[in-house]
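>>> quick one, structure for this:
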Amino acid sequence: MAFTPPDSPRRRDRGREEAARRQRARLARDLGDEHGQAWAHQTPRPKRSKFTLIVGAIFIAFVVLGALPLVLRSGDGQLVQPNCTTPEVATGPAKIKPGTNFAWQAAGPQQGPYVLALDAASVTGPVGGPVTPDNGRVLSAPLTLTGCRSPQTLAAGPDNSGTHEVALFRHTGATWTRVAVSLLEVS
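You can find the predicted model right below:
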């Protein structure tokens, strides 16, 4: 035997409906409500659902525009994915105000070491010692890429406006070779 709620359209208790109609009619008569007496002889309307089409449309818009991109996102919240074959460097955000901080992250083969410099075309110096850029400044030296990716790190941005280069250098033999560049716009 299946139990269904008494207000289900599949199971109607005629005696209960008639008793409810008589009660509505008596109440309307006692109050002197002519409008209520007219409605007392009609079957009551079912309650409207609070889940309307507008609420449904808003929910679907939220899922499509808000939740799905977060769930289906391929990244792990980092600027670059681990890459053990090709060196790369990324900065974020791509556009900053003068003197504000920006984040950087490098990826590449674990064999290094690496140096990250701002506005430098080349760097010189020993592997374990102080590295000096020809222009700009060094952001990180020496840098190792454990797991083929560095941790995401904050650095102070340049004070002057314009397009700046964040370059990744790798020590190969006796020199430092520029292997990756990311552009940073300051305005």
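
>>> and for the spatially closest residue to residue 113 that is not a sequence neighbour, the neighbour number?
Leaving aside its sequence neighbours, residue 113 sits nearest to residue 142 (CB to CB, 6 or more residues apart in numbering; 3.8 Å). Bear in mind the C-beta positions are built from the backbone N, C-alpha and C, glycine included. By other CB atoms under 10 Å, 17 other residues sit near residue 142.

>>> would you map the helices across this protein?
14-31, 34-40, 53-62, 68-71 (DSSP state H).

>>> in a markdown table: those helices, plus distance to residue 153 and mean neighbour count.
Listed next are the helices of the chain as a markdown table, based on distance: least, CB to CB, whole Å; neighbours: other CB atoms under 10 Å:
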| stretch | distance to residue 153 | mean neighbour count |
| --- | --- | --- |
| helix 14-31 | 72 | 12 |
| helix 34-40 | 73 | 13 |
| helix 53-62 | 35 | 10 |
| helix 68-71 | 25 | 9 |
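
>>> residue 137 is nearest to which of those helices?
Using CB to CB as the measure, helix 68-71 is the one of the helices of the chain that comes nearest residue 137, at 36.7 Å.

>>> for that closest one, which helices and strands make contact with it?
Contacting helix 68-71 under the criterion 3 or more CB pairs under 8 Å, 6 or more residues apart in numbering; DSSP states H and E is no other helix or strand.

>>> state the mean pLDDT of that helix.
For helix 68-71, mean pLDDT is 70.

>>> can you offset everything so residue one is 740?
Got it, the first residue is 740 from now on, which makes the last one we talked about helix 807-810.

>>> okay, now the domains of the chain?
Listed by automatic domain parsing, the domain ranges of the chain are 753-810, 827-925.

>>> and the nearest residue to residue 842 once chain neighbours are set aside, how many neighbours?
Spatial nearest neighbour of residue 842, chain neighbours left out: residue 831 (4.9 Å); criterion: CB to CB, 6+ apart. Neighbourhood size, residue 831 [other CB under 10 Å]: 16.
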